[in-house]
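Q: Task: produce atomic coordinates for the following.
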Amino acid sequence: MKILVISDTHKDIASLRRALDNHPEIKHVFHLGDHVADVEKVRGEYPEKEFYCVRGNNDFGSDCQLNGIEKINGRTIYYTHGHSQRVHSNLSHLLKEAQQYGADIVLFGHTHVAFAWEIEEVHFFNPGSASRPRDCGKSYGIVELSDELLFVFKSL
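A: Below is the predicted model:
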């Protein structure tokens, strides 16, 4: 089973739609904040998809949660934007939260830099930014939830 992970769309609805259109077979979509309202603008176009969203530091007035936990295909996924955990400095706060929730996968955004890493058997994945990348280009991610986890970065 695969999930689509996107973050920091910042009103770039075209990039969000492109990512969703590129993967019609994927049901679960995680938006990791910074213009989570973008999801509300396209949700009706994709009734077959289940959206999981958190608010970021630019989601003023949003009543969306700051973080969430989902169990999908035997995996426990902790997801957040990352600003509250100060991910620009290090991942220690995220690691501690993931361990508290028993998560084996952490999805986060905020840095606008695509990133995948494993620390103490917890897999961290940041899909980069769909609108304003600080690395190689606009991106999103696909996570394959099987016996062997696979994290793939996709260009927009």
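Q: do you know how far Lys49 is from Val36?
A: 15 Å (C-beta to C-beta, to the nearest Å). Glycine gets a C-beta too; all of them are placed from N, C-alpha and C.
Q: The two: which is more packed in?
A: Val36 (22 against 17; other C-beta atoms under 10 Å).
Q: Wait, that one touches Tyr52, no?
A: No - under the criterion of C-beta atoms under 8 Å, Val36 is not in contact with Tyr52, lying 10.5 Å apart.
Q: could you pull out the helices for the chain?
A: For the chain, applying DSSP state H gives helices covering 13-21, 37-42, 92-101.
Q: any chance of those in a markdown table, plus distance to Ile3, mean pLDDT and mean neighbour count?
A: Shown next, in a markdown table, are the helices of the chain (distance: least, C-beta to C-beta, whole Å; pLDDT from 0 to 100; neighbours: other C-beta atoms under 10 Å):
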| stretch | distance to Ile3 | mean pLDDT | mean neighbour count |
| --- | --- | --- | --- |
| helix 13-21 | 12 | 98 | 17 |
| helix 37-42 | 15 | 96 | 17 |
| helix 92-101 | 17 | 94 | 16 |
